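Colleague: give me a model of this one.
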Amino acid sequence: MKNKIRVGVVFGGRSVEHEVSLVSASSIINALDREKYDIIPIGITKEGRWLSSAETIHLLKSGDTLDREPERILLPDPTKRTLMQVNPESFRVNADSVSGDRGPLDVIIPVLHGTYGEDGTIQGLFELANIPYVGAGVLSSAAGMDKVVAKQLFECAGLPVTKDVWFLWDRYRSDSNPILTAIEKKLGYPCFVKPANLGSSVGISKARNARELVAGIEQAANFERKILVEQGIENAREIECSVLGNDDPRASIPGEIIPSNEFYDYDAKYVDGKSTALIPAKLPRRLVRKIQDYAVAAFRAIDCAGMARVDFLVQKKTNKTYVNEINTIPGFTSISMYPKLWEASGIPFPKLLDILIDLALERHEGKRRLKITYKPKADWFKS
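Modeller: Alright, predicted model coming up:
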């Protein structure tokens, strides 16, 4: 009998999207085929402790004391490739695995939305540990997470984006007038204020006047030192498109979000349950194709891999389309668009996870052929 693939599902984390991550991870763990996979749940607390047991998700969701849970760690050592148990008294680590066979992890599915998970930091750890992982690499994760950098790369790729002004909080705090003047002159009102590195619409606000603009900037600064202000597009439809693949990615059919609030903020996404999704979006066939082409181009612009969801703004009267942002670890909750769009495109959730794991293994295998040593003509470094 073929050995099962050992899949580590990493969730939680030091992020304002911690709770969203727990729900996404539950959906993924429940959908993975247990005939194919040994599932290793790996939870990270809000303080950054790594835990792994059958109860980890429940404990993180309930907020119960985690002191009794043995702490684990993933070493940046390619010869180990497994979780190690930490002895809190001696700070020593011992080889350990949840399933008891002390085998290495074959692949990891990071379900860490936001900081320290979607920004390239944990992807760097997986690279050092030489473990295949689902989704974007270090560079594309960091670029996709930073809305300013992502927009610059989209523009370089010839993709349409909204006008914006970005700045650092310290610069604004020392002299806000030039920045506020530039925003009003270049963008006008309404405009949207965003932390440059965050997701799930946390810290985002709509400014209709100078007072709301100042308040929005101060709110965004609670979460991020780099702040982005974007031109508002009146009567815009919020369209989303999923992308799947490595070097030859493909796009799903697009869907439309009808937010319960004025825009698709955190409450409208997760809390009130009143937002609706139209799948497929009611769009002209030519516009559907354009959005799919833009989605794939945005995916390639940041050198993405595995998966991403690309969000668009489409003006109702003119159908003028703007690439809004890219999400390299999109939500996998019951209401999340990434899996729902692929379901509507003919790929059910369990099959989608199979494909994502295969893509991770394929990409890792491609890296194995690359040389990491070089033999110089002389041993100059020994002198």
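Colleague: quick check: which ranges of the stretch 251-383 of the chain have low pLDDT?
Modeller: Scanning the stretch 251-383 of the chain with the threshold set as pLDDT under 70 gives 260-274.
Colleague: same deal with the stretch 1-150 of the chain?
Modeller: Scanning the stretch 1-150 of the chain residue by residue, the ranges that satisfy pLDDT under 70 are 1-2, 65-66, 88-102.
Colleague: all strands of it, in order?
Modeller: Along the stretch 1-150 of the chain, the stretches classed as strands by DSSP state E, counting those that start in this stretch are 5-12, 37-44, 50-51, 71-74, 83-87, 92-95, 107-111.
Colleague: most tightly packed of these?
Modeller: Counting by mean count of other C-beta atoms under 10 Å, strand 107-111 has the highest mean neighbour count of those, with a mean of 26. (Each C-beta comes from the backbone N, C-alpha and C, glycine too.)
Colleague: got the CA positions of it in PDB?
Modeller: Extracted C-alpha coordinates of strand 107-111, given in PDB (Å, rounded to 0.1, in the frame of the first residue of the first chain):
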ATOM      1  CA  VAL A 107       4.500  19.100   2.300                       C
ATOM      2  CA  ILE A 108       3.100  22.100   4.300                       C
ATOM      3  CA  ILE A 109      -0.100  24.000   3.600                       C
ATOM      4  CA  PRO A 110       0.400  27.500   5.200                       C
ATOM      5  CA  VAL A 111      -3.000  28.900   6.100                       C
END
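Colleague: now residue 286: which helix or strand?
Modeller: Using DSSP states H and E, residue 286 sits within helix 285-301.
Colleague: following element in sequence after that helix, please.
Modeller: Using DSSP H and E, the helix or strand that follows helix 285-301 towards the C-terminus is strand 306-315.
Colleague: tell me the buried residues in that following strand?
Modeller: By neighbour count with 16 or more other C-beta atoms under 10 Å, strand 306-315 contains the buried residues 306, 307, 308, 309, 310, 311, 312, 313, 314.
Colleague: between those residues, which is nearest residue 82?
Modeller: Closest approach between the buried residues of strand 306-315 and residue 82, by C-beta to C-beta: residue 306, at 22.4 Å.
Colleague: wait, the closest one touches residue 246, no?
Modeller: Yes. Applying C-beta atoms under 8 Å, one finds residue 306 in contact with residue 246, separated by 6.8 Å.
Colleague: got any residues that touch both of those two?
Modeller: Residues touching both residue 306 and residue 246 by C-beta atoms under 8 Å, 6 or more residues apart in numbering: 359, 363.
Colleague: quick one, what contacts the residue nearest to the spatial centre of the chain?
Modeller: The residue lying closest to the centre of the chain (C-alpha atoms, centre = their mean) is residue 329, at 2.7 Å. Applying C-beta under 8 Å, 6+ apart to residue 329 gives the contacts 110, 111, 112, 113, 117, 118, 135, 136, 141, 307.
Colleague: among the residues you listed, who's most crowded?
Modeller: Within the contacts of residue 329, neighbour counts (other C-beta atoms under 10 Å) peak at residue 118, which reaches 30 neighbours.
Colleague: does residue 364 sit in a helix, a strand or a coil?
Modeller: The local conformation at residue 364, judged by DSSP: H, G, I helix; E, B strand; the rest coil, is helix.
Colleague: so residue 339 touches residue 352, yeah?
Modeller: Yes. Residue 339 is within contact range of residue 352, at 5.9 Å (criterion: C-beta under 8 Å).
Colleague: more crowded one of the two?
Modeller: A direct count of neighbours by other C-beta under 10 Å for residue 339 and residue 352 places residue 339 higher, at 27 against 21.
Colleague: next one: the more buried one from residue 14, what distance?
Modeller: Counting by C-beta to C-beta, to the nearest Å, the gap between residue 339 and residue 14 amounts to 25 Å.
Colleague: again, but for residue 32
Modeller: Remark: distance between residue 32 and residue 14 (C-beta to C-beta) = 25 Å.
Colleague: of those two, give the one with the bigger neighbour count.
Modeller: The neighbour count for residue 32 versus residue 14, taken as other C-beta under 10 Å, is higher for residue 32 (21 against 16).
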